[in-house]
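Visitor: Quick one, structure for this:
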Amino acid sequence: MPAPIAPVGEQRLLVIDDHALVRMGVRTLVAQQFAGHYAVEEAGSLEQGLALLAGAQGRIVLVLLDLQLPDAKGFAGLRILRRDHPEVPVVVLSGAQDLRIREEALRLGARAYICKSADAATVDTWVEVLRQHAAPRPDAAAAPMAPAGSPALRTAHGLGLSPRQVQVLELLLAGLDNQAIATETGLTLGTVKNCVSSIFLGFNVRSRAELLGMFPT
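Guide: Coordinates of the predicted model:
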């Protein structure tokens with residue numbers, strides 16, 4: 001069943017997935033973690049999602065997009081959303097834990113790639129992705145994003161990386177691997193991987209070596 005219409009001015013998240021249970025799960029998660037901040041709009045096809053975006057007047061702040069829709073298979077939906085609504089962040093939902101699919105989704109402009117799994121680590125990843133790309137961060141503008149003498153972090157500020165992503169970037173530049181970053185920060189490994197993917201995408205690199213090569217010590 002489609003989501004109730006949100007009050008005028010209320011920010012919304014849009015989940016485009018043909019599985020009602022997935023849409024219900026997103027709605028429940030948002031209600032638990034972001035109560036009062038967001039309404040959730042639901043679409044069972046790309047056509048329905050595009051119609052909701054067209055009528056939302058800029059109030060949709062994040063789209064969660066399934067890769068296998070009745071009217072858009074593979075990356076077709078992502079390409080259309082990035083072409084027609086480049087200002088709206090898109091997070092890809094997939095049942096496949098395939099690194100090649102993940103990398104292609106990020107290359108095509110997805111902010112993150114998360115699997116449809118009910119395990120605790122994946123739920124933590126969902127929450128962190130929503131916090132990074134949808135939840136308001138009133139302290140972000142006031143918080144110093146980088147020391148004055150750090151070119152890498154000054155660049156991160158210009159790219160609009162979240163404070164959490166900047167924290168992961170600092171540890172990446174210090175030579176820590178994903179597991180060590182997870183231990184250091186208390187994040188799940190899946191969340192760290194999503195942050196690293198977003199950092200690589202922002203800096204237009206494909207590996208740690210390329211990133212480190214941009215900022216030699």
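Visitor: Where do the helices of the protein begin and end?
Guide: 20-33, 46-55, 76-84, 99-107, 120-133, 151-159, 163-173, 178-185, 189-203, 208-214 (DSSP state H).
Visitor: So which of the ones you listed is nearest Leu14?
Guide: With Cβ to Cβ as the measure, helix 46-55 is the member of the helices of the chain nearest Leu14 (5.9 Å). Just so you know, the C-beta spots here come from the backbone N, C-alpha and C atoms, and that holds for glycine as well.
Visitor: number of nearby residues for Val192?
Guide: As a burial measure, Val192 scores 26 neighbours (other Cβ atoms under 10 Å).
Visitor: Tell me how far it lies from Val168.
Guide: Going from Val192 to Val168 by Cβ to Cβ, to the nearest Å gives 6 Å.
Visitor: list the residues that contact both of those two?
Guide: Here Val192 and Val168 have 181, 185 as joint contacts, going by Cβ atoms under 8 Å, 6 or more residues apart in numbering.
Visitor: one step back: rank the helices of the chain by pLDDT, which is bottom?
Guide: In terms of mean pLDDT, the lowest-scoring of the helices of the chain is helix 151-159 (a mean of 63).
Visitor: Which residues are in contact with Ala105?
Guide: 67, 75, 78, 92, 94, 113.
Visitor: how much space is there between the last one and Ile101?
Guide: Spelled out, that is Tyr113. 8 Å.
Visitor: Find the nearest non-adjacent residue to Lys193, please.
Guide: Asn178 (6.0 Å; Cβ to Cβ, 6 or more residues apart in numbering).
Visitor: returning to that earlier point: list residues touching both of Tyr113 and Ile101?
Guide: Contact criterion Cβ under 8 Å, 6+ apart; residues shared by Tyr113 and Ile101: Ser94.
Visitor: okay, these two: which has more neighbours?
Guide: Remark: of Tyr113 and Ile101, Tyr113 carries more neighbours, 25 against 16, as counted by other Cβ under 10 Å.
Visitor: Check the gap between the residue nearest to Thr191 when sequence neighbours are not counted and Ala96 for me.
Guide: Among residues not flanking Thr191 along the chain, Glu128 sits closest, at 4.3 Å (Cβ to Cβ, 6+ apart). According to Cβ to Cβ, Glu128 stands 20 Å off from Ala96.
Visitor: Of these two, which one has the most company?
Guide: Taking neighbours as other Cβ under 10 Å, Glu128 and Ala96 compare with Glu128 leading, 22 against 13.
Visitor: Run a quick neighbour tally on Ala51.
Guide: If you count neighbours by other Cβ under 10 Å, Ala51 ends up with 12.
Visitor: let me fix that: Ala209
Guide: 8.
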